[in-house]
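>>> any chance you can model this:
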Amino acid sequence: MEKGKTRLVEDGNTIYEIDLDCMKRKQMLRQKEAANTKNRQRKTSQKRAK
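Below is the predicted model:
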């Protein structure tokens, strides 16, 4: 089993283990969704202009 990269974050008396690979995938997904939203807004604006 491969060990992924993790980061330990301390918040008060609690320690969280953050999976950096998972964070990277989520960030890429959010960026793709944001790009799709912009494209949809542009297409909608063009339809209204006609």
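
>>> which stretches of the protein form helices?
20-49 (DSSP state H).

>>> buried residues in the helix or strand of it with the lowest mean pLDDT?
Least confident helix or strand of the chain, by mean pLDDT, DSSP states H and E, is helix 20-49 with a mean of 82. For helix 20-49, the neighbour count (16 or more other CB atoms under 10 Å) marks no residue as buried. To be clear about C-beta, it is placed using only N, CA and C from the backbone, and glycine gets the same treatment.

>>> distance check, residue 18 against residue 6.
Between residue 18 and residue 6 the computed distance is 6 Å (CB to CB, to the nearest Å).

>>> just checking, what packs against the least confident helix or strand of the chain?
Of the remaining helices and strands, none touches helix 20-49 by 3 or more CB pairs under 8 Å, 6 or more residues apart in numbering; DSSP states H and E.

>>> do that again at 10 Å, thanks
strand 6-11 (3 or more CB pairs under 10 Å, 6 or more residues apart in numbering; DSSP states H and E).
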